[in-house]
Every structure is written in structure tokens, then in C-alpha cells.
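Here is my input, please return the structure:
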Amino acid sequence: MKYALVTGGSRGIGKAICLQLAQDSEYHILINYNTNKEAALETLNAIAALGGKASLLPFDVTNYESVKSALDQWKANNDNGVIEVLVNNAGITKDQLFLWLSPNDWSQVINTSVNGFYNVTHNLIQDMLLNKFGRIINMVSVSGLKGTPGQVNYSAAKGAVIAATKALAQEVAKKNITVNAVAPGFIKSDMTSHLDEKELRKTIPAHRFGDPEEVAHLVSFLASKKASYITGETISINGGIY
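Numbers count the residues shown, from 1 in each chain. All right, here's what the predicted structure looks like:
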């Protein structure tokens, strides 16, 4: 059986991606979460309601041993299973002007996005190479492209993942594995719920926040065989912010 793993798949953009992949593909969706099992179960039930297949795969993306142990256990229990699609979606924000940014707020954000990318991808890349097929999609941000004041930590983390995307794409392209990044702008989710949407809309040419489903459609396309000649790209989905 073929699987798609979405880290941080229980809420927001991650949840929308899980649902879209379940609708558009034959993949069994592996919903990763760290602490919020209730939200993960809601996503699981929503996929079941669509007639899709899904299961939960909890681990902390920032902890290499936790990731390795969870994936080794999964592989042992699923002899014929192959994870063809990986969406590195788990991420957190700890916004603060750089002057006031604590060491903890710096390292937590870097750990989740950058080390999270390494920890999960590193544990799956060998199987993708042996299988001669894979789709790795890294969720980044407009902040990683243009930088956002008050988000030096988040901008640094997402910028690092964008650079890693370009490098890894070149290493594995011959094996029919694509590595791309998706850079959303302002999307309606828990992560943006504290922002002043009315004020920020003025800075967006499309004059609105995006929907998680719009991001999910793009991810679903990149996960498909139709996108086999797109690799090393960072695709912005931001309503025209440049």
C-alpha cells in the first residue's frame, strides 16, 4: 500500500492538505501530530467521511530519536507499505522583535522547521531512493522569501528550508524524487487568528487572506505524477505579495 505522511497534519493548513490528498489520490494518509490527539482524530474522521483511508502517526518532529522510533515501528508493522509522499508541514511561530527574542523562542522555531525537516526526511529518503519515486513538499512561508519584521526566527527557519529544498532536489532528481517548497502568505488558520486581518488585507493585492484549501490544492498537485518535472522550486501562494 502507498502512503502520504503529513507532519503537523491535525489542524489548519496541515488538516486541509490531509483532506485534499485523501480526495485527489489513492494514498492512505498518515496524520502526524505531537500533542493534540483530539484534533488529529477529527481530521481522521473527516477523511473517513470522504471515503478515504487514514491513520495517526504521533511523534515530535524536533526529536530525532522520537521520529526514528515512530517510523521504524511503522515500517515494522507495514511490511508492504511505502511512504511515497512527505509533506513537512509542522511549524510554529514565536513572534517578537529581534531585540527581545529569547534564546528559547529562537531555538524552538528553528528546531521545529529546520531540524523537523531533517529528522523526518532523513528517516524516509533511503526508502524513496530504493523505490525510485518520491514527493517531498516543504511548507515554508513568504517570510522565508522576503523576511518579515517581528519574525526573524521564523524567517531564518523558513529561509533555511528553502535553501535545503534546492540542494536536496539536485541530489535526488535522477531517482524520480522531486523536492519542492510551498510558500503561503496570509492564510486563515490558528496561526494567523491573532493578526489584524482588516488592516493586513490592505497590503495584499488580492485584498483577502487565503483559505487553507487553496494551499492544499497546490500541495496535492505537487504530490501527483503530473508534477514530475517540477523540482527545486519554491512556489508562492500569497495573493500577490512581493
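
what's the single longest helix in this structure?
Longest helix in the chain, counting residues (DSSP state H): helix 152-172.

list the helices and strands that one packs on?
Counting contacts by 3 or more Cβ pairs under 8 Å, 6 or more residues apart in numbering; DSSP states H and E, helix 152-172 packs against helix 103-110, helix 116-131, strand 134-139, helix 142-146, strand 177-184, strand 234-237. (Each C-beta comes from the backbone N, C-alpha and C, glycine too.)

so what's the residue sitting nearest the centre point of the chain up against?
By Cα atoms, centre = their mean, the mean C-alpha position of the chain lies nearest to residue 89, the distance being 1.9 Å. Going by Cβ atoms under 8 Å, 6 or more residues apart in numbering, residue 89 touches 6, 7, 8, 9, 13, 14, 17, 139.

and if you look at residue 63?
Residue 63 is in contact with residue 119, counting by Cβ under 8 Å, 6+ apart.

what's the pLDDT at it?
At residue 63, the pLDDT value in this model is 98.

how far away is it from residue 238?
31 Å (Cβ to Cβ, to the nearest Å).

before we move on, what about residue 49?
From residue 49 across to residue 238, the span is 31 Å (Cβ to Cβ).

So which of those two has more stuff around it?
Neighbours were counted for residue 49 and for residue 238 using other Cβ atoms under 10 Å; residue 238 has more, 20 against 10.

Identify the residue spatially nearest to the more buried one, adjacent ones excluded.
Distances taken as Cβ to Cβ, 6 or more residues apart in numbering place residue 185 nearest to residue 238, at 2.7 Å, with adjacent residues excluded.

go on, residue 26?
Setting aside the residues directly before and after it, residue 26 is nearest to residue 2 in space (Cβ to Cβ, 6+ apart), at 6.8 Å.

so residue 83 touches residue 28, yeah?
No: the pair residue 83 / residue 28 is not scored as a contact, 9.6 Å apart, by Cβ atoms under 8 Å.

tell me, what's touching those two both at once?
Shared contacts of residue 83 and residue 28 (Cβ under 8 Å, 6+ apart): 3, 4.
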